Structure formats: structure tokens, C-alpha cells
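Participant: give me coordinates for this.
(one chain, ligands or ions: 1)
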Amino acid sequence: MHPHAPATPKYPHILHGGDYNPEQWLSYPDVLDEDIRLMTLAGINCVSLGIFSWADLEPEKDHFNFEWLDGIIDKLYKNDIHVILATPSGSRPHWLADEFPEVLRVGETGQRNIYGHRHNHCYTSPAYRERVRLIDTKLAERYGHHPAVILWHISNEFGGECHCELCQQEFRRWLKEKYKTLDALNHAWWTHFWAHTYTSWEQIHSPTWIGETAVHGLDLDWKRFVTDQTIDFMKAEISAVKAIVPELPATANLMGIYAYGVDYFKLGRELDVVSWDSYPEWHLPGKNAEIARNESLSHDMMRSIKQRSFLLMECTPSTTNWRSISKLKKPGMHELSIVNALAHGADSAMYFQIRQSRGSAEKFHSAVISHAGTENTRVFREVSEVGRMLKKLSDKVYGSASPAEVAIIFDTETKWALDKCQGPRNEGLDYFGIIQKCYDYFWKNGINTDIVDCDSSFEKYRLVIAPMLYMFRGGIQEKLRSFTAGGGVLVTTAFTGVVNDTDLCFLGEASEEKLSDVLGLWVEETDSLYTGEYNSTRWNGQSYRLSEICEIVRPVTCETLAVYDSDFYKGSPALTVNSFGNGRAYRICSTPETDFLDCFFGELAEELGLERAMNCKVPEGVSITWRENGSERIVFIQNFGDSPAELILDREYRDIFTGKTYTGRLAVEGLSSIIAVG
Ligand code: GAL
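Facilitator: Coordinates of the predicted model:
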């Protein structure tokens, strides 16, 4: 019995496939037949269909044409290929924008886009919502009960914002509901500043560089509104298809940690299963391990949103075409990147795209089937190899869990607020950077880690890290307080707990709002360091460089573990700890570098006895994670370096493919992996 209910109950297996765009090839019937043969050869068991098919499904308003899709879905199913069926709202036909111009997005200066591109629609527009509801309903009625169809793919990569009059009105309504009175809004946004007090709801306009950008509360609420409006649009789509087939689960493809325009934690929680599109920039010279760490962090975040396995909805079989340089994946890299997704909780390996398009913007993006249209390509062979691997892994891995005792908080709203923040360091407060640096220690040492937000529950963790968690919102103080009191270890870094949920600074010296009781201190001043300027601290006999910001704190009950070495605050605390209830809370008062974090977390991990994938030294460039399927522990050992790495095993492991047992020394080739049970 696997810990997680299947993401795709109608077909509970690891999915292998990708975006398939037959609408581009309807006048090439031979190509469509050949596609099926090639997909079967490559071990493809599932495709995402219909993402950009609206113009072929409804070529004219209310004239639907499903015959071509009927034939394709039937043929796929006869060949054991399942379908993730998309709603086509990510891109609309010309006629729709011609008849309903309101569906097109308006930019922040008030100018409406003309037809073109994709994702160019207003989430508020009643006309767009109605046309989307109609086509979604038709699709659900026609295909929702088809045995091939296993999952809804709602739209494509939700994101972006619209500033049209409909959105402005809806934003004002959203604000009225939230604040009830203008007085409350003016206070929450601190609008007496620069005489920006609102005296009528109609004066409120979305933030724009030709208008208001100085009121940070406005900016924050606008971003929240955009997230809520996007979620509302998505939920309307989910309701349309579930009204016909309630039991068919729905996903939407997200884009990892770096796309934060929409709060993915909030949106993802509304889905049955989270999926995401991952396009790392492999082979930057000497950087594969670093890229793997960035990528793994996004995988972990996608898994943490619903605390269950996720789907890798898109990745490239070899190269993208939209980066400044389009690098091929070198031999072995494709399989390794898929293993990395599985290692962090994926239950699928899906590509963009199955067949390479012949023209337009993505014609040079790689695909399983290239323009050569044959199985005789390196990429096709490597994809087929992955297909064989996934088939063998499916029974053991699909639906298995990734247990974690450590959580790192990444909060989208803190990111939004820090992006707007003027001071203390406009040249860069690297929020992602500090999160990544904290994460890296655990990645490098085989310790599974969750990436959570302020709305998550922390009860199951032993160590919670809040790097630069500038904004305390959603009652996080109480959750962190009870986590620490209950015996947990909390680590905070500089610029944590500065403002409330409308970006108003906390007042007073020590206060519970700022978690001073838990941390045993309050922050009196925050110094910024020039780029290239450093302070330092000695801790455990070693000296460590500190950069970006240095807080000058006032200890209340905390113990000082290390002090600043220079500047006028030389001797004041750089690292503190405070006992609180059965647990303790640390403050790293500055922005430390990797060497400090590695030692600091290394000591904590040791002392707490945090569970590791293997009790052995992990060589540089190697990652080890584990999943549990109810009866077995599956260990994924991956070498992102170019040369072989050697591990000294702590016990016996059995290779999941060959059954061979490993003890003692184990060599892992460069750019390769070993998956074992043990
Ligand atoms: C994704 C998108 C796909 C395709 C792909 C190319 O972001 O969902 O439709 O454009 O990028 O890498």
C-alpha cells in the first residue's frame, strides 16, 4: 500500500509522455500514424492533449469540431497511451478576441493588447469566463468518461495580470470586502504618507509606474488580488469540468520557485495534484551540481504544496529554444534529470514536446520526435531508455512518500514585499539566495527537506528554518511559538519578522508580534554593507565572512554564541540562541555565506540526529534522497559531476533494476545515478 493516493487513479502508474500537438499536423495523416508507432517505441504511456487546440475545436463561435480529436484519442487508447486532457483557455482563437475585445489584457498604463501570443487574457472578463465555461463543458461531456482520459490539465501556466476597468472594479470590491471601511484601508496602507489618503473607493487604481508605486500595502494587496482572481478563474474551470465528471482529478502546470507572480502555495492547494514545468540550464561550465540544487529546491517546493508526490508535466528531452544559448543535454543528462525529479517526489516524466513543431516560435525547441521524424536519433534513444526505466520503477515508486524532518520557509508574500522594499539594501536583498544557501547543506548531506510557506503546518518537523522571513503573516508567530515550545528547533536569519501582513513595521522594543519571546532579543539597528564589503565572526574556532546586512540586536534572554569582529558594533551578537519551552530558537544576525551555514547546520543535524538517506559521507556533486513506499525505502544516488564518485556504504543496498547487492565501496559514474532499496 503506497502512502499517497494515486495522482491518476484511472491509470496508477508513473507517466511517461508529454505535450502532444496533433492540431498542428491534421493535414499530415501519415505523420499522425507514425507518431503513435514512435510513441509506443519510446515507452510513452500518456500525452497531454488540447492545450492549444481551441481554434481547431471551435473554429467559429458555437461551431464545434471534435471529430479529429475523437479519432486521435481513440487511436491513442488502442495503443495503451493515456490522455491528460487540457482545457484550452491558455490561448484563444482570433474570432473570440474580435467579438469580445474585453478578453484581451490591459497593461499597467491602461493600454489594451491586441490579439496575439498566448496567456493574453483577462481573468475577470465575464465574456472570457463564459466562453471558457462553454468549451470546457463540451470537452468534459465528450471526453470526461473516455477510458483514455485520466486527468484534467487546467489551462497552461497560469500567470500574468490585467489592469482593465473590469479588474479595477473587481479589485475595489475585493478591497471593500477585506477592509470594510476606507479608514481601515488607509491605516493598513499607511496612506497619510505623502498625502496619499484615499477619500473614495473609486480613487483606488492598481499599482502602475505612471501612477502609484509608493504605497506598499496597495502593491501587496494587488498581488494578492491577482492571485485570488487567477485562483477564482481556475476554480471556475475546475467546476465546469467536474460538474460533468466529478471523479476525474485536476492539475495545473506551475513553474517552480522562480515564477512567483502568483502565490503557488495558495493556487496549488486548490488542485488535486500539483504539476510543474522544469527547464534547468544544464551544462553551464562546472555548474551542474549547483543547477541540480536549484532544481531540487523547486521539486521539493512543488511536493510540499500538497505534501504528496507531484507530476513533472514538462521538461525538455534535450534543449529549449528560449534561453539566450540553447544547449543540448549531453548524453546521460536527460536520464539523470528525470531521476532527480523522481528522487524529490515526481510520479511522472513528461516532455514538452512529443513532436517538434514545423514552424512558428517553438520550431527549434527539442522534442521526442524531431523534424527528422525517426527513431534513429540520440534524443529518441535516450527518451526510450527513460521509458524502459520508468516502467521498471513504477510499482515501487509511484505514490511513494518523501519523508522530511526539516522545513525551510519560502513565503511568496515576503518575496513580493522584499521586491518593493526601499532599504535597507536596494542593491540586493537576495531572498532566493539565502533560502538556497540554507537548502544546499541538506541537499549535500542526504537529508530530505520540505519547502513550505507561512500557511503550512510545522508540527511534523524537527527543524524549521525561516531565512529572511521579513513579513510575519497568517498567525505564523503563534505557529512558530508552539513549534518551538513543543521541542522544535527554529533558525531565523537577519531581516526576519520586520513587518505585519500589510507591510507595516512592528512597533516597540521586544514584543510577541516580533517573536522576541521565542528569540530572546529585539533588533535595534540594521546596517547595510557595500557590495564587496564584509564583516566577520568567529564561531567554533573558525572565522566566517558576513555580507549584505548586519543587525545590531539587543539580547533579552538569549545567549550570544558569536559576535561581530569589526565596525562600531564589534563585539555585539552575530549569532544567538534562546531556550524556549522544550525547544530553542537561533538568530543568525547577518547574511552568512555557505561555509558558515554548512558548519552551523552540520552541527545541528548531528546533534538532532536528523535522518539521512545514508549514513555516509556524500562526495561533492552527489545527491542522495529517499522515498518510502510503505514497505521499502528507495534511495536515489545521483552524481552530477563529470567524473566517477565513490561512496562508502553504511549497509547493504539492492539495485532496484538488477537486484545486485552493494556493500562497502560503491562507485557512481559521472552524470549517472543508482537507485537502490535499503
Ligand atoms: C512551457 C510552456 C510550453 C512550452 C514550453 C517550452 O513554459 O508551457 O507550452 O512553451 O514552455 O519550453
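
Participant: C-alpha only now, for contacts and for neighbours.
Facilitator: Noted.

Participant: if I look at the closest residue to L328 other than its chain neighbours, how far off is N288?
Facilitator: Nearest residue to L328 in three dimensions, chain neighbours excluded: T319, at 4.8 Å (Cα to Cα, 6 or more residues apart in numbering). Distance, T319 to N288, using Cα to Cα, to the nearest Å: 15 Å.

Participant: which non-adjacent residue is nearest whichever residue of the stretch 201-350 of the chain sits closest to the ligand?
Facilitator: Scanning the stretch 201-350 of the chain for the residue nearest the ligand gives T320, at 5.4 Å (criterion: Cα to the nearest ligand atom). Leaving aside its sequence neighbours, T320 sits nearest to H365 (Cα to Cα, 6+ apart; 4.9 Å).

Participant: do the same with E405
Facilitator: Y461 (4.5 Å).

Participant: next one: G107
Facilitator: H163 (5.7 Å).

Participant: list the residues that contact that neighbour.
Facilitator: R105, V106, G107, E108, G110, S206 (Cα atoms under 8 Å, 6 or more residues apart in numbering).

Participant: among those, which are in strands?
Facilitator: When DSSP state E defines the strands, the subset of the contacts of H163 inside them is empty.

Participant: from those residues, which is closest to the ligand?
Facilitator: Taking Cα to the nearest ligand atom as the measure, the ligand lies nearest R105 of these, at 18.9 Å.

Participant: give me the neighbour count for that closest one.
Facilitator: Neighbour count of R105, defined by other Cα atoms under 10 Å: 26.

Participant: in the stretch 201-350 of the chain, which spans are helices?
Facilitator: Secondary structure of the stretch 201-350 of the chain, counting by DSSP state H, counting those that start in this stretch: helices at 216-242, 264-268, 288-306, 333-343.

Participant: check the stretch 401-550 of the chain too.
Facilitator: Going by DSSP H, counting those that start in this stretch, the stretch 401-550 of the chain shows helices at 412-420, 431-444, 476-485, 516-519.

Participant: report all helices and strands that the last one contacts.
Facilitator: Secondary structure elements in contact with helix 516-519, counted by 3 or more Cα pairs under 8 Å, 6 or more residues apart in numbering; DSSP states H and E, are strand 573-580, strand 583-588.

Participant: can you give the strand pairings for the last one, parallel or anti for each?
Facilitator: It stands for strand 583-588. In the sheet, strand 583-588 lines up against strand 489-493 (parallel), strand 573-580 (antiparallel) (DSSP bridges).

Participant: so which of those strands is the most surrounded?
Facilitator: Stretch with highest mean neighbour count among the strands paired with strand 583-588: strand 573-580 (a mean of 24; mean count of other Cα atoms under 10 Å).

Participant: so it versus helix 476-485, what angle?
Facilitator: 70 degrees (axes from the mean of the first three to the mean of the last three Cα atoms, to 10 degrees).

Participant: can stretch 17-25 be found next to the ligand?
Facilitator: No: Stretch 17-25 is not in contact with the ligand by Cα under 6 Å from any ligand atom; minimum separation 7.8 Å.

Participant: list the buried residues of that stretch.
Facilitator: Buried residues in stretch 17-25, counted by 16 or more other Cα atoms under 10 Å: G17, G18, D19, Y20, N21, P22, E23.

Participant: with stretch 71-80 instead?
Facilitator: I72, I73, D74, K75, L76, Y77.

Participant: need phi/psi at the fourth one.
Facilitator: Here is the backbone geometry of K75 (degrees, to the nearest 10): phi -60, psi -40.

Participant: and it, what pLDDT?
Facilitator: Residue-level confidence at K75 comes out at 97, pLDDT.

Participant: what's the neighbour count on A97?
Facilitator: Neighbourhood size, A97 [other Cα under 10 Å]: 18.

Participant: closest to the centroid, which residue in the protein?
Facilitator: The centroid of the chain falls nearest to G256 when counting by Cα atoms, centre = their mean (2.7 Å).

Participant: what's the burial count for the residue in the stretch 401-550 of the chain that the ligand sits nearest to?
Facilitator: As assessed by Cα to the nearest ligand atom, the ligand sits closest to T412 within the stretch 401-550 of the chain, at 20.0 Å. By the criterion of other Cα under 10 Å, T412 has 21 neighbours.

Participant: how near is it to L418?
Facilitator: Between T412 and L418 the computed distance is 10 Å (Cα to Cα).

Participant: okay but the residue nearest to E405 is in contact with V406, surely?
Facilitator: Yes: at 5.6 Å, Y461 and V406 qualify as touching, with contact defined as Cα atoms under 8 Å.

Participant: check which helix or strand covers L134.
Facilitator: Per DSSP states H and E, L134 falls inside helix 126-143.

Participant: low-confidence regions, the stretch 551-678 of the chain specifically.
Facilitator: Applying pLDDT under 70 to the stretch 551-678 of the chain picks out no residues at all.

Participant: alongside the ligand, which residues does it contribute?
Facilitator: Within the stretch 551-678 of the chain, no position is near the ligand by Cα under 6 Å from any ligand atom.

Participant: next, the contact list for S91, please.
Facilitator: Contacts of S91 (Cα under 8 Å, 6+ apart): F52, W54, H117, R118, H119, N120.

Participant: just the residues you listed that are near the ligand?
Facilitator: Okay, of those, nothing touches the ligand (Cα under 6 Å from any ligand atom).

Participant: just the buried ones from the residues you listed, in ChimeraX syntax?
Facilitator: The ChimeraX selection below is limited to those of the contacts of S91 classed as buried (16+ other Cα under 10 Å):
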select :52,54,119,120
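
Participant: just the ones of the contacts of S91 in helices?
Facilitator: W54 (DSSP state H).

Participant: for the contacts of S91, which one is nearest the ligand?
Facilitator: Looking across those and measuring by Cα to the nearest ligand atom, the closest to the ligand is F52, at 8.3 Å.

Participant: wait, that closest one sits on G90?
Facilitator: Yes: taking contacts as Cα under 8 Å, F52 lies within contact range of G90: 7.0 Å.

Participant: if I pick the closest residue to T199 other than its chain neighbours, what's in contact with it?
Facilitator: Nearest in space to T199, with sequence neighbours left out and distances taken as Cα to Cα, 6+ apart, is L182 at 7.1 Å. With contacts defined as Cα under 8 Å, 6+ apart, L182 is in contact with Y198, T199, S200, W201.

Participant: from I434, how far off is the second one?
Facilitator: Separation of T199 from I434 (Cα to Cα): 41 Å.

Participant: do the same with the last one
Facilitator: When Cα to Cα is applied, the distance between W201 and I434 equals 39 Å.

Participant: equivalent analysis for M302, please.
Facilitator: M302 is 19 Å from I434, by Cα to Cα.

Participant: and those two? Which one has more around it.
Facilitator: Shown here are M302 and I434; by other Cα under 10 Å, M302 has more neighbours (33 against 20).
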